[in-house]
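Student: Give me coordinates for this.
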Amino acid sequence: MFLSPLTNTPANAESIETQLNLQIASILALAVDSCDVSDPNGVTTVNITPNAGGNSQSNQCQNVSISTNASGGYELSIETSSSTLNHNPVLVPQATIASIGTTPTALTSDTWGLAIPKTNNDGKQPGAANLVASFVSDFDATYANETNLPSSTAKYRNVPLSSTKFAETDTYSSATDDYTLYFAANVPATKPSGIYQTTITYTGTAIDLEPPVPVVIVPDVASTISPCGDGTGSSGVLDNGPQFSLAAVSDIDFGSSPTVTIGGKACTDVIVNSAGTAITCSGPTSGMSAGEKKVLVNGQETTAVVTYDSTNYPTLQSLTGGSGTCLGTGATPVIYRDARDSQLYYVAKLADGKCWMLDNLKYKPNGDTSGTNQPGFIAQQVANTGVTNLLTVDGTDVGTTDQTTDNLDVGKYIDPISVAYCYGNINISPENITKCGLLYNFYTANAGTLAYTDITNGIQSAGSICPANWRLPTATSTTTGPGNGTSYNYGDFAVLNASMNQGALTTPGFTTGTTGFYENWHPTGPWRGVFGGVYITDFVNQGASGNYWASSLGTAAGGRRMGFNSSIVYPGNGIYDRYNGYAVRCVN
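Tutor: Numbering: from 1, shown residues only. This is a model prediction of the structure:
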């Protein structure tokens, strides 16, 4: 309750305003049942009779109903207790049915999975309008009952092991929303009979809207932040991170050393001005976005509109001194801005002495004439709408007769915004780019400077889609350093691979598989790699492997790339189809 004096009141009288609040609690109801058979325990059974000498596939649908009076709607999530269906009782050896992968696809032998129809065709998905695009976009539009089929082309994916949102609303509604989900399994005739089980958990969360408390956000933070990116601005404020200024209000006491949390993430390097009336802090650099956010100051909660100005960051294009001039180190990377589109990237000087991007490139080639490595290059974005087309001219399969200039010499890329692993932004601006970045074909990565008619093994592209003063890393080189040549030991990827393992610059560098080598490329290693997978005719291996184009040519059909997974790294060897969609990181 806040008290404030009224204006225009006579000197011999006094008035006081008071505020009356009526608080109505939110409630939520969640129900689950099989489509065809009502079970008081909520058990859904997929019945399969094996086909002699072959496989058998069946499915069963499940209805999930949710209702709430919450003013901000709800979120609906799903998870499983086990990725495998396990025989009950336990057999010796135990019999299981494996989960299909994260990308919706047809079930293979001895696998099970989940499907959510993504449209309301034939009334099979009443809640279609509320489905989360990142979870359902690769599913089929509708699904039919399957009973003991030898095979099926219907697409299924795994049920996540952690609670994952698949439906949500953001406004109040008195209606009950219904969702239909299908569970299916494909098993061989040799599978032991009996019950195979796991536990599926649905979680409904009511979202309450709360009135904002008047906290003023000072928008002109650029005037207090120096652009040099060296860690401290002229006012003593950390300048390499989103800057937030909060003005004091009557119900919050800043104190001398307050703790500040914005949107659930800690704000660091907090500075209180001499009058005790304002806070400036370096905000979270992961998962933060602008807009209305919950703010905690010394544990007291309020709501504030958060703004930031990405132009405060030094640009990638400003690094004109060549390799090793960036301000960040492997342990303390620095944020730089791409002047072309204001995308933000962590950058650090790594063990090889070169400055590397530590985020996947998110640039959409649009013919820029300045600020880019190869001015004027344009590429076409392929729509991410469940397409199954290669990144070729006509989108069709590339066989021995059509690997031609007409089919391969085209700039194309795709954004894996709907892929569950890639969904969500790891930097702070903008919100519509995934942590996997964009996936480019080879022609796009080198900005058209290596054509199908270029077939000499080991030659390097003359340009790339990297920012000005940056380039694609080499996978091969001469025996003395960068340049044309087929030696793996002196390529950028191979030298960095060995140097990260040794902690300092060293060559030769081509080593694969050894513990300590591949781990350096992982998300927790110095290179902060992303398991962004690959796009061929669909997204593959997201969450399982990282693949990055190099500037080095292999053959007419293939370019070279660096790749890693959970147990090995290939720092530049191997030739891969030019139409594959891989990520890009640039080196200075």
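Student: which secondary structure elements does the strand or helix carrying G563 contact?
Tutor: Counting by DSSP states H and E, the element that carries G563 is strand 558-564. Packing contacts for strand 558-564, counted by 3 or more C-beta pairs under 8 Å, 6 or more residues apart in numbering; DSSP states H and E, involve helix 442-445, strand 546-553, strand 569-577. All C-beta spots, glycine's among them, are computed from the backbone N, C-alpha and C.
Student: looking at the chain, which helix or strand is least sure?
Tutor: strand 243-247 (a mean of 50; mean pLDDT, DSSP states H and E).
Student: follow-up on the earlier one: mind checking which of the helices and strands packed on strand 558-564 is nearest Q60?
Tutor: strand 546-553 (36.8 Å; C-beta to C-beta).
Student: roughly how far out does that closest one sit from the chain middle?
Tutor: Computed by C-alpha atoms, centre = their mean, to the nearest Å, the chain-centroid distance of strand 546-553 equals 20 Å.
Student: For it, the averaged confidence score.
Tutor: If you average the pLDDT over strand 546-553, you get 94.
Student: so what's L316 scoring on pLDDT?
Tutor: 88.
Student: Please name the nearest non-neighbouring residue to it.
Tutor: P467 (4.3 Å; C-beta to C-beta, 6 or more residues apart in numbering).
Student: just checking, the one you found touches V584?
Tutor: No - assessed by C-beta atoms under 8 Å, P467 is found out of contact with V584, at 11.3 Å.
Student: With neighbour numbers in mind, choose between those two.
Tutor: P467 (29 against 25; other C-beta atoms under 10 Å).
Student: Show the contacting residues for that one.
Tutor: T315, L316, Q317, D338, A339, R340, Y363, G371, T372, N373, C586 (C-beta atoms under 8 Å, 6 or more residues apart in numbering).
Student: beta partners for it?
Tutor: Counting by DSSP bridges, P467 forms beta bridges with T372.
Student: where's it relative to A583, distance?
Tutor: Note on P467: its distance to A583, by C-beta to C-beta, to the nearest Å, is 16 Å.
Student: same deal with A544?
Tutor: For A544 relative to A583 (C-beta to C-beta), the value is 14 Å.
Student: Looking at the two, which has the bigger crowd around it?
Tutor: For A544 and A583, the more surrounded residue by other C-beta under 10 Å is A583, and the numbers stand at 27 against 15.
Student: and the longest strand anywhere in the chain, what's its mean pLDDT?
Tutor: The longest strand of the chain (DSSP state E) is strand 55-68. Averaged over strand 55-68, pLDDT sits at 93.
Student: Report all helices and strands that that strand contacts.
Tutor: Using 3+ C-beta pairs under 8 Å, 6+ apart, strand 55-68 sits against strand 28-34, strand 74-80, strand 177-188, strand 200-206.
Student: who wins for proximity to P160 among the ones you listed?
Tutor: That would be strand 74-80 among those, by C-beta to C-beta, at 5.5 Å.
Student: From the contact counts, what lies against the closest one?
Tutor: Counting by 3+ C-beta pairs under 8 Å, 6+ apart, strand 74-80 packs on strand 55-68, strand 164-168, strand 200-206.
Student: if you compare those strands, which one is most tucked away?
Tutor: Ranked by mean neighbour count, the helices and strands packed on strand 74-80 are led by strand 55-68 with a mean of 21 (mean count of other C-beta atoms under 10 Å).
Student: so it versus strand 164-168, what angle?
Tutor: With axes from the mean of the first three to the mean of the last three C-alpha atoms, to 10 degrees defining the directions, strand 55-68 sits at 60 degrees from strand 164-168.
Student: on that earlier part again, adding mean neighbour count and distance to S137, write the helices and strands packed on strand 558-564 out as CSV.
Tutor: Below are the helices and strands packed on strand 558-564 laid out as CSV (neighbours: other C-beta atoms under 10 Å; distance: least, C-beta to C-beta, whole Å):
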stretch, mean neighbour count, distance to S137
helix 442-445, 28, 23
strand 546-553, 28, 22
strand 569-577, 21, 25
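Student: Now render those as TSV, adding distance to G123.
Tutor: As requested, those are arranged in TSV below (distance: least, C-beta to C-beta, whole Å):
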stretch	distance to G123
helix 442-445	42
strand 546-553	41
strand 569-577	42
